[in-house]
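Trainee: Let's see this in three dimensions:
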Amino acid sequence: MEYVSNLTSKGQVTIPASIRKALGLKPRDKVAFRMENGTVRIQPARASVRDSAGTLNVPGFRSMKQLRRETEQLVAERALKRAAK
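Mentor: All right, here's what the predicted structure looks like:
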């Protein structure tokens, strides 16, 4: 099946609804474009942990900086306990 879409002056293309549905794409999802023998393939982009940063609402969680400090402190405390044994 072939679908045709217009390219805007900003280089944007609308992905037809039937293709979005078939790929399970939702607004704000990322897509990957691959060039293969002069043909472009589009597929859902693989998500990374960095992409989901800030999407969880964890009570008491304030920032990655705070999480890093607390983790470093916990690791240091455990190292001191092991060294004391």
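Trainee: Every contact and neighbour count from this point should use C-alpha atoms.
Mentor: OK.
Trainee: any idea how far A76 is from M64?
Mentor: If you measure M64 against A76 using CA to CA, to the nearest Å, the figure is 18 Å.
Trainee: And for P44, nearest residue in space, chain neighbours not counted?
Mentor: Distances taken as CA to CA, 6 or more residues apart in numbering place V31 nearest to P44, at 4.4 Å, with adjacent residues excluded.
Trainee: Can you tell me which helix or strand of this protein has the lowest average pLDDT?
Mentor: When each helix and strand of the chain is scored by mean pLDDT, DSSP states H and E, helix 64-84 comes last, with a mean of 85.
Trainee: Show me which positions of it end up buried.
Mentor: Neighbour-count burial for helix 64-84, counted by 16 or more other CA atoms under 10 Å, picks out no residue.
Trainee: who's in contact with that helix?
Mentor: Contact partners of helix 64-84, identified using CA atoms under 8 Å, 6 or more residues apart in numbering, comprise F61.
Trainee: if you set the cut-off to 6 Å instead, what comes out?
Mentor: Outside helix 64-84, not one residue touches it by CA atoms under 6 Å, 6 or more residues apart in numbering.
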